[in-house]
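Novice: Mind looking at a prediction? Sequence and model below.
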Amino acid sequence: MSNTDFFVHESAYIEQGAEIGFESMIWHHCHVRSGASIGTNCTLGKNVFIDTSVRLGHRCKIQNNVSIYVGVSIADEVFVGPSATFTNDLVPRAFNTEWKVTETQVAHGASIGANSTIVCGVSLGEYCMVAAGATVTRDVEAHQLVAGTPARHLGWVCRCGTVVSRGVDRPEELECSGCLVREGSK
């Protein structure tokens with residue numbers, strides 16, 4: 001693939017062996033490691049780091065100052081807000097030479113708010129929403145809204161992000177009235 005199939009700002013550094021998808025845009029001061037794979041039509045904001053072996057799905061938006069380390073897997077259409085943090089070591093020590101990567105899974109359509117922290121070893125379900133500043137220490141269900149430190153259940157969201165319930169129990173209908181109207185008009 002030629003670099004005319006995607007955009008890379010002149011200050012970004014893309015290591016040989018990294019794969020960049022069609023029509024993706026990689027902005028100022030990004031670093032994409034060898035062995036990383038960026039899907040089609042993705043946007044990486046200023047100062048984003050994509051580690052080796054990371055797979056980023058199609059149509060993802062990774063905002064400024066985000067580092068996605070080895071062990072983090074991000075599916076299609078995921079939004080990661082500015083300065084969100086991922087970890088990949090459950091027992092970090094500077095002197096530990098035999099540390100183990102603990103994997104994190106982010107499912108299709110998930111949204112992660114600005115300045116949130118995703119502690120390794122969790123799974124974020126499809127279309128879930130992590131509020132800005134949250135610290136996620138356990139799995140988040142599909143369509144679940146979580147907030148706080150540690151992150152706690154706040155409700156359920158539609159695919160579009162609108163809150164459809166503040167209850168604890170998952171509602172049968174996870175579409176908001178606006179999406180139901182749009183679906184009906186098709």
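Specialist: Okay, I see it.
Novice: Going by neighbour count, which residues of the one helix or strand residue 146 maps to are buried?
Specialist: If you go by DSSP states H and E, residue 146 is part of strand 144-147. Neighbour counts over strand 144-147 (16 or more other CB atoms under 10 Å) mark 144, 145, 146, 147 as buried. (C-beta placed from N, C-alpha, C; glycine too.)
Novice: Just confirm the last one contacts residue 131, I think it does.
Specialist: Yes. Counting by CB atoms under 8 Å, residue 147 sits close enough to residue 131 to count as a contact (3.5 Å).
Novice: Would you enumerate the residues in contact with the residue most central in space within the chain?
Specialist: Of all residues in the chain, the one closest to the mean position by CA atoms, centre = their mean is residue 80, 4.4 Å from it. With contact set as CB atoms under 8 Å, 6 or more residues apart in numbering, residue 80 has these partners: 60, 61, 62, 63, 66, 68, 74, 112.
Novice: average pLDDT across stretch 31-49?
Specialist: Throughout stretch 31-49, pLDDT has a mean value of 98.
Novice: just to revisit the earlier point, what's the closest of the buried residues of strand 144-147 to residue 107?
Specialist: residue 144 (11.2 Å; CB to CB).
Novice: Surely the closest one is in contact with residue 156?
Specialist: Yes. With contact defined as CB under 8 Å, residue 144 reaches residue 156; the gap is 6.2 Å.
Novice: Find residues that contact each of those two.
Specialist: Jointly contacting residue 144 and residue 156 under the rule CB under 8 Å, 6+ apart are residue 170.
Novice: Any figure for the gap between the spatially closest residue to residue 35 that is not a sequence neighbour and residue 103?
Specialist: Spatial nearest neighbour of residue 35, excluding adjacent residues (CB to CB, 6 or more residues apart in numbering): residue 52 at 4.3 Å. Look at residue 52 and residue 103: by CB to CB, to the nearest Å, they are 14 Å apart.
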